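# Sequence and predicted structure, then a few things I'm wondering about:
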Amino acid sequence: MPKKRHAVPVRPYSDPSRNVTELVSSESHYLRNTIAAESKYQSELRNAETRRLDELAQLRFQYDTRIAENLRVEVKTTSELISAQLVKETTSLSSQIAVATLALTNQITMSTNVLSTRVSALEQFRWEVAGKTSVTDPATAEALRAMAAAIGNLKSTDDTARGRGDILGWIFGAVMAIAAVAAAVFKHG
């Protein structure tokens with residue numbers, strides 16, 4: 001048996017342009033709303049990114065400020081430690097220099113005193129020796145006059161033995177005196 005077909009109800013005829021106009025209008029309205037929503041979404045994304053970047057910049061500024069403050073404190077502490085150590089070392093070196101200077105001054109003073117005493121003694125000896133050996137020394141001048149007189153007597157006297165003996169004695173005495181003075185001068189000189 002053949003199957004029965006159902007009958008499709010027939011609609012009355014309507015003009016499709018009205019339907020198309022509604023569809024186009026509805027589609028335009030939908031596109032405008034979608035574009036507005038997309039624009040609003042993009043704007044919110046830009047604003048959120050701007051806020052995120054601003055917050056990161058602020059956070060970075062805070063960290064940089066904190067790091068700079070820590071560095072400043074560390075530099076100040078290190079500077080104070082170095083300054084204190086430098087003052088300590090400078091004071092220690094100053095004390096050592098003062099002690100060394102005092103010791104050197106004392107050594108120079110003692111050496112100067114000893115040398116002054118010795119130089120004074122040598123000068124006194126030189127003056128005394130120079131005075132004894134000079135012609136103005138009375139003993140030397142007297143010995144030279146006696147020698148001259150003896151030589152003169154030697155020429156005039158007939159007694160040659162006695163004159164020679166006196167002259168030789170005077171010459172021998174003068175030579176011994178000069179040798180003694182020379183030995184003393186060379187011994188101290």
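Perfect, thanks for sending it. Numbers count the residues shown, from 1 in each chain.
# Please work out the average pLDDT along whichever strand or helix holds T34.
Assigned by DSSP states H and E, T34 belongs to helix 16-133. Here helix 16-133 scores 88 as its mean pLDDT.
# I'd like the distance from that helix to the chain centre, please.
21 Å (C-alpha atoms, centre = their mean, to the nearest Å).
# Point out the other helices and strands that it packs with.
In terms of contacts (3 or more C-beta pairs under 8 Å, 6 or more residues apart in numbering; DSSP states H and E), helix 16-133 is packed against helix 138-156, helix 160-188. Where C-beta positions appear, they are placed from N, C-alpha and C, glycine not excepted.
# rerun at 7 Å
Counting contacts by 3 or more C-beta pairs under 7 Å, 6 or more residues apart in numbering; DSSP states H and E, helix 16-133 is packed against helix 160-188.
# buried sites along stretch 174-186?
V181 (16 or more other C-beta atoms under 10 Å).
# Just the mean pLDDT for stretch 144-155, thanks.
For stretch 144-155, mean pLDDT rounds to 72.
# Restricting to C-alpha, output that stretch in PDB.
C-alpha atoms of stretch 144-155 as PDB (Å, rounded to 0.1, in the frame of the first residue of the first chain):
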ATOM      1  CA  LEU A 144     166.600  80.800  68.900                       C
ATOM      2  CA  ARG A 145     168.400  83.800  70.400                       C
ATOM      3  CA  ALA A 146     170.700  81.500  72.400                       C
ATOM      4  CA  MET A 147     171.500  79.500  69.300                       C
ATOM      5  CA  ALA A 148     172.300  82.700  67.300                       C
ATOM      6  CA  ALA A 149     174.500  83.900  70.100                       C
ATOM      7  CA  ALA A 150     176.300  80.600  70.400                       C
ATOM      8  CA  ILE A 151     176.900  80.600  66.600                       C
ATOM      9  CA  GLY A 152     178.200  84.100  66.900                       C
ATOM     10  CA  ASN A 153     180.400  83.200  69.800                       C
ATOM     11  CA  LEU A 154     181.700  80.200  67.900                       C
ATOM     12  CA  LYS A 155     183.100  82.600  65.200                       C
END
